[in-house]
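> need a 3D model of the following:
(one chain, ligands or ions: 1)
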Amino acid sequence: MTNELDRPVCMQLYGSDADILAQGAQWCVENGAQVVDINMGCPVDKVTKKDGGSKLMCDVDRTLSMFERLREALPKHVPLTAKMRLGWNHQAKLDGVASTLAVGLCQRGAAMITVHGRTTKQKFKGECDLDGIKRVVDDVRAHNPHIPVIGNGDIKSANDVIAMMHHTGCAGVMIGRGSFSNPWLFRLGWALQQRVIEQGIDLGNSEAVGAIDLTDLHPSEDEKLDMLLGFFDRMVEYRDSDHARHVFRQKANLLGKQINGGHCRPLKNALREAKTDAEIYDAIEHWRTHGAEQLHIEL
Ligand SMILES: Cc1cc2nc3c(=O)[nH]c(=O)nc-3n(C[C@H](O)[C@H](O)[C@H](O)COP(=O)(O)O)c2cc1C
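Purely as a prediction, here's the structure:
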């Protein structure tokens with residue numbers, strides 16, 4: 001589901017059959033996609049067992065032919081992009097598979113490449129390898145400096161955005177898990193970039209970057225609760241109440257991370273235990289008016 005605020009819309013496909021993917025890509029465009037991305041990075045067994053996601057990095061020639069076929073199937077004005085990892089395993093990373101694939105894709109019309117700094121075998125464990133991302137950035141730039149490479153992995157703060165851009169030279173960043181508990185990361189990261197540029201600060205000067213004041217952009221406690229409400233309402237609108245409450249139950253800890261510095265156990269418990277939508281709304285509004293008091297009682 002999307003809306004007018006969500007533009008441009010990119011739809012991502014995973015798979016390994018060129019014909020099916022080509023049909024899928026056409027469907028995406030007919031249904032509002034302004035950009036189509038091919039998932040070449042998913043490490044999940046369910047996906048790789050069907051030769052999709054990061055399994056595509058294991059046979060670069062076949063993946064490049066598939067991509068070529070997709071590029072031909074799409075109207076010229078629709079950018080085709082790809083997201084990948086650093087390779088299937090450590091050896092593939094050392095062999096520079098990600099660079100070979102990324103440059104090959106660019107030669108076949110890729111408009112942008114996104115790289116996550118881990119291998120498939122690492123899944124989400126271990127460190128995100130910024131040098132590995134830098135290698136892809138450098139190699140794509142040497143081929144064509146106009147094709148952006150986006151860095152991805154472990155961005156949890158606005159400073160991490162700058163650190164990723166400085167270390168790798170990437171054109172931008174993609175944020176995943178960090179935004180689950182901190183949806184304001186996008187505006188904070190964006191503003192920090194703007195202020196770094198305005199103030200003429202070197203991206204590598206972490207002390208000066210860290211000293212930039214972003215407090216005007218930090219959400220108030222009310223805004224954080226409004227975000228919770230909006231998130232719940234949208235899930236009810238686009239899915240249903242049971243799903244919305246299920247997500248809140250599952251993710252109560254994550255959702256509470258930003259609220260009162262994470263000190264909001266009564267709210268998290270109430271979100272987890274709510275059996276009706278009204279109980280979710282009551283829990284949030286009760287916290288809004290009596291939050292600190294509840295904590296005090298608990299202590
Ligand atoms: C629950 C979940 C679902 C994801 N689904 C996709 C997906 O559909 N396509 C994709 O390219 N990456 C997907 N990813 C990977 C993220 O885009 C991202 O590469 C990864 O989480 C690492 O970035 P992060 O450290 O900022 O989270 C998913 C990650 C998570 C945690």
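
> ok, and does the strand or helix carrying residue 132 reach over to the ligand?
Per DSSP states H and E, residue 132 falls inside helix 130-143. No. Helix 130-143 does not reach the ligand (C-beta under 6 Å from any ligand atom); its nearest approach is 11.5 Å. C-betas here are computed from N, CA, C, even on glycine.

> buried residues, that helix. List them.
By 16 or more other C-beta atoms under 10 Å, the buried positions in helix 130-143 come out as 130, 132-137, 139-141.

> tell me the contacts of the nearest residue to residue 112 once chain neighbours are set aside?
Spatial nearest neighbour of residue 112, chain neighbours left out: residue 81 (4.3 Å); criterion: C-beta to C-beta, 6 or more residues apart in numbering. By C-beta atoms under 8 Å, 6 or more residues apart in numbering, residue 81 lies in contact with 10, 35-38, 110-114.

> now swap in residue 255 and tell me
Contacts for residue 255 (C-beta under 8 Å, 6+ apart) come out as 181, 228, 231, 248, 268, 271.

> got the residues you listed as a markdown table, with distance to residue 58 columns?
A markdown table is the format used below for those (distance: C-beta to C-beta, whole Å):
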| residue | distance to residue 58 |
| --- | --- |
| 181 | 34 |
| 228 | 42 |
| 231 | 38 |
| 248 | 39 |
| 268 | 42 |
| 271 | 42 |
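
> among the residues you listed, which pair sits farthest apart?
Using C-beta to C-beta, the pair of those lying farthest apart is 231 and 268, separated by 14.6 Å.

> in terms of neighbours, single out the busier of these two.
Legend: neighbour count by other C-beta atoms under 10 Å for residue 231 and residue 268, higher for residue 268 (21 against 16).

> walk me through the domains of this protein.
According to automatic domain parsing, the chain comprises the domains 10-154, 221-298.

> and the residue of the chain at minimum distance from the ligand, how far is that from residue 32?
Residue of the chain nearest the ligand, by C-beta to the nearest ligand atom: residue 176 (2.7 Å). Taking C-beta to C-beta, to the nearest Å as the measure, residue 176 falls 23 Å from residue 32.

> same check, this time on residue 201
Relative to residue 32, residue 201 is positioned 39 Å away (C-beta to C-beta).

> of the contacts of residue 81, which ones also sit close to the ligand?
Filtering the contacts of residue 81 for proximity to the ligand by C-beta under 6 Å from any ligand atom leaves nothing.

> dump the residues you listed into TSV; add distance to residue 156 and neighbour count as well.
Converted to TSV, the contacts of residue 81 look like this (distance: C-beta to C-beta, whole Å; neighbours: other C-beta atoms under 10 Å):
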residue	distance to residue 156	neighbour count
10	23	15
35	26	17
36	29	26
37	23	22
38	27	26
110	28	23
111	28	18
112	23	21
113	23	26
114	18	23
